[in-house]
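>>> Mind folding the following:
(chains A, B, C and D)
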Number of protein chains: 2
Amino acid sequence: MSKASNYVSEAVMRRLPKYYRYLDDLEKGGVERLSSKELSRRMGLTASQIRQDLNCFGGFGQQGYGYNVSELKKELIKILGLDKKYNLIIVGAGNIGQALANYGAFEKEGFFINALFDTNPKLIGMSIRGIKIYDLDYLEGHIGDNPTDIAIIATPRERAQEITDRLIACDIKGIW
Amino acid sequence: MSKASNYVSEAVMRRLPKYYRYLDDLEKGGVERLSSKELSRRMGLTASQIRQDLNCFGGFGQQGYGYNVSELKKELIKILGLDKKYNLIIVGAGNIGQALANYGAFEKEGFFINALFDTNPKLIGMSIRGIKIYDLDYLEGHIGDNPTDIAIIATPRERAQEITDRLIACDIKGIW
DNA sequence: ATTAAATTGTTAAAATATTATCATTTCGAA
DNA sequence: TTCGAAATGATAATATTTTAACAATTTAAT
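As a prediction, this is how the structure comes out:
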């Protein structure tokens, strides 16, 4: 049923979120079953590519029938890790950082913003939607004390490199 | 000097903005000359790839010397169209749409937001930084009357497809 | 119960993209 | 001025990605 190889190419990984979004829409639209051909028509890819992409993770379809939309969507959720929760921090509490912190919809997708960091004394100590703004000096301390999966860098570009280096030193899994 | 072929692969196009950002940083750091080898070291690509990518557009380098940073940057500006001005509209004046409209830094890069669109009667008629919010019904009308290069969709996802269709019907060059 | 149509998963072929190689050119030191 | 080191741009080799083809299986109609 499922393939032996465990390596999945980057090109495939890039397409997975797109598959997921289409399946989510189709499921919401009440579509239950779907052929690679039909999906290819909608997405503008080839049916062959879709079948090959999905087969990297296992034979989710059924010959002569196609794919079950909900089932396939569930598999994609597992593959993409959308069923997991992620803890975020935002470095830079300026315009963009504040806008992101205020934008509540991330929680629904499993992303929880735990802290903001900045160097501006006027901002340090403030809270946005209950999320505290800390002194940038405390960055490593916070990451050491709190599980942190992803950091969003929302600083002027000049500072981004330095921040990136510091985050990498902390073993952050994802930087955005 | 320059290559005959005029087709440039998507993979190359995806890398160009990254080249530009590195060159911009290097120029600001006072670096005048640069070899493909040195750039490859910094960017984590192969020197060969960099040379081949750049050669899609012409022989900007000099044997035995390398590339002149400012000159190469200028070429990339031309290739990427960063010297041009673009007129934008934002469809959806909710959280994200407003945040984008408020974020002034786009103008510096040549992107001018000309209008916002929404269906919410409370928002229609309002202005953000002098940018008016129009009724979504007026979308086609506005695009017909004003040069519009790019549309940013900042609506809930359910509406995005319909908006996209309408924008495509208007011959918008870019949708984000 | 048969059969035709539809569809998958897999294998093979074709197309693209990346990397290595190398002749040629330029710089810069002796 | 000569020579070696450094570097490009082009070409060739390798690797990856995409597409096509097809046997096997399932559905559904007659």
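>>> For chain A, which segments count as strands?
A:33-34, A:67-68, A:86-91, A:111-118, A:127-128, A:131-135, A:150-153, A:174-175 (DSSP state E).
>>> closest one to DNA strand C among the ones you listed?
Ranking the strands of chain A by proximity to DNA strand C (Cβ to the nearest atom of the strand) places strand A:67-68 first, at 5.4 Å. Where you see a C-beta, it was placed from the backbone N, CA and C, and this is true even at glycine.
>>> what pairs with that closest one, and is each one parallel or antiparallel?
Strand pairing for strand A:67-68, using DSSP bridges, gives strand A:33-34 (antiparallel).
>>> Was I right to think A:L139 contacts A:R166?
Yes - between A:L139 and A:R166 there is a contact under Cβ atoms under 8 Å: 6.3 Å.
>>> pLDDT value on the nearest residue to A:E32 once chain neighbours are set aside, please?
Once flanking residues are discounted, A:E32 sits nearest to A:V69: 5.7 Å by Cβ to Cβ, 6 or more residues apart in numbering or on different chains. For A:V69, the pLDDT comes out at 95.
>>> follow-up on the earlier one: between A:L139 and A:R166, which is the more surrounded one?
Using other Cβ atoms under 10 Å in any protein chain shown, the more surrounded residue of A:L139 and A:R166 is A:L139, with 20 against 16.
>>> Quick one: residues contacting the more buried one.
A:L139 makes contacts with A:89, A:91, A:117, A:166-167, A:170, as judged by Cβ atoms under 8 Å, 6 or more residues apart in numbering or on different chains.
>>> let's see 7 Å
Neighbouring residues of A:L139 by Cβ atoms under 7 Å, 6 or more residues apart in numbering or on different chains: A:91, A:117, A:166.
>>> Tell me the spacing between the closest residue to chain B within chain A and A:M43.
Going by Cβ to the nearest Cβ, chain B is nearest to A:A99 of chain A, at 4.0 Å. From A:A99 across to A:M43, the span is 31 Å (Cβ to Cβ, to the nearest Å).
>>> Could you tell me which residues of chain A lie near chain B?
A:95-96, A:99, A:103 (Cβ under 7 Å from any Cβ of the partner chain).
>>> filter these to the buried ones?
Buried residues within the residues of chain A next to chain B, counting neighbours by 16 or more other Cβ atoms under 10 Å in any protein chain shown: A:96, A:99.
>>> Turn the residues of chain A next to chain B into a markdown table, including distance to A:I131 and pLDDT.
Shown next, in a markdown table, are the residues of chain A next to chain B (distance: Cβ to Cβ, whole Å; pLDDT from 0 to 100):
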| residue | distance to A:I131 | pLDDT |
| --- | --- | --- |
| A:N95 | 16 | 78 |
| A:I96 | 15 | 80 |
| A:A99 | 13 | 80 |
| A:Y103 | 12 | 77 |
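>>> of the residues of chain A next to chain B, closest to B:D25?
Nearest to B:D25 among the residues of chain A next to chain B is A:I96, at 19.7 Å by Cβ to Cβ.
>>> Leaving out chain neighbours, which residue sits closest to the closest one?
Nearest residue to A:I96 in three dimensions, chain neighbours excluded: A:A154, at 4.3 Å (Cβ to Cβ, 6+ apart).
>>> is it true that the one you found touches A:I90?
Yes - between A:A154 and A:I90 there is a contact at 5.7 Å, judged by Cβ atoms under 7 Å.
>>> and for the two, which residues touch both?
Contact criterion Cβ under 7 Å, 6+ apart; residues shared by A:A154 and A:I90: A:97, A:100.
>>> A:L88: neighbour count?
21.
>>> From A:I133, how far off is the residue nearest to A:I96?
12 Å.
>>> Mind pulling up the pLDDT for A:S5?
Here the pLDDT value assigned to A:S5 is 51.
>>> for the residue of chain A closest to chain B, what are its contacts?
B:A99.
>>> Please give me every residue in contact with A:L34.
A:L34 neighbours (Cβ under 7 Å, 6+ apart): A:26, A:66-67, A:69.
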